[in-house]
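[1] sequence unknown, structure follows:
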């Protein structure tokens, strides 16, 4: 059983398109996250949701909009994709603050 | 502002040797210090973590050393094996912060 699952694993799209990445966790965790890993492998928080409520929005462009329909799901919608959005996006979840974060396998987004 | 600085960027160690990766942090509110291991095409996975009430934590071949006064912590991998070849990230968080702040990552290669 996959704890945190993301779809799709790979996403190739043209500039200007709108795309979504889905994330689901079956761990019963209350908090979910989106992290971005750039080409240099640097991992940076984008958003944090606790029980469907937005907690952190780390100066991410408005083109990125997270949606949490329930505490087991956190989706990421990106409008008007730009070349600089190319990266690997990771979903993660934790039971509570300062405990182990479980990461999904990542979604490699390539904007051409 | 890079709150967690990690070094070296890359490290090559012979099989059976000791791998050492160092991290320094700035925020004295940090009170949880995990290390994550990431293999190509996978999400980061928790390797070992420490809280500042202890100076060392050991799990098998992996040890975290923590120096609160110097605001530094390090990962030691004893008897390094080719299967340990991966990218390692230190991270830090504080109670209530709802996010992990990652170091830049270290690409470790263990030569057979």
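    Cool, the structure landed. If you're wondering where the values come from, they're calculated on a predicted model, not measured in any experiment.

[2] residue in chain B nearest to chain A?
    Chain A sits closest to residue B:43 of chain B, with a gap of 3.3 Å, by CB to the nearest CB. Quick note: C-beta positions are derived from backbone N, CA and C, even for glycine.

[3] what's near enough to touch that residue?
    Taking CB atoms under 8 Å, 6 or more residues apart in numbering or on different chains, we find residue B:43 in contact with A:4, A:90, A:92, A:103-106.

[4] Give me the neighbour count for residue 86.
    Here I'm looking at chain A. 17 (other CB atoms under 10 Å in any protein chain shown).

[5] ah, I was thinking of chain B
    Residue neighbour count, defined by other CB under 10 Å, stands at 20 for residue B:86.

[6] now the contacts of residue B:43 as CSV including secondary structure?
    Shown next, in CSV, are the contacts of residue B:43 (DSSP: H, G, I helix; E, B strand; the rest coil):
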residue, secondary structure
A:4, strand
A:90, strand
A:92, strand
A:103, strand
A:104, coil
A:105, coil
A:106, coil
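
[7] Among the residues you listed, which one sits closest to residue B:53?
    Proximity of the contacts of residue B:43 to residue B:53 was ranked by CB to CB; the top entry is residue A:92 with 25.2 Å.

[8] so who does the closest one touch?
    Residue A:92 neighbours (CB under 8 Å, 6+ apart): A:4, A:32-35, A:101-104, B:43.

[9] If you rank the residues you listed by neighbours, which is first?
    If you count neighbours using other CB under 10 Å, the busiest of those is residue A:32, which has 29 neighbours.

[10] Would you confirm that it belongs to a strand?
    Yes. Under three-state DSSP, residue A:32 sits within a strand.

[11] The contacts of residue B:43 into TSV, with extra columns for distance to residue A:28 and pLDDT?
    Below are these laid out as TSV (distance: CB to CB, whole Å; pLDDT from 0 to 100):
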residue	distance to residue A:28	pLDDT
A:4	12	97
A:90	20	98
A:92	15	96
A:103	17	97
A:104	16	97
A:105	20	97
A:106	22	97
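
[12] Get me the contact residues on chain B for chain A.
    Within chain B, the residues that sit near chain A (CB under 8 Å from any CB of the partner chain) are B:31-32, B:34, B:38, B:41-46, B:49, B:87, B:89, B:93-102, B:104-105, B:107.

[13] Can you flag which of those belong to strands?
    Residues of these located in strands (DSSP state E): B:34, B:38, B:45-46, B:49, B:87, B:89, B:101-102, B:107.

[14] and the two most separated of those?
    Using CB to CB, those span at most 21.0 Å, a distance reached by B:49 and B:107.

[15] contacting residues for residue B:108?
    Neighbours of residue B:108 in contact, by CB under 8 Å, 6+ apart: B:10-13, B:19, B:21, B:77, B:80, B:84-88.

[16] switch to 6 Å and redo it
    Contact analysis of residue B:108 by CB atoms under 6 Å, 6 or more residues apart in numbering or on different chains lists B:11, B:19, B:88.
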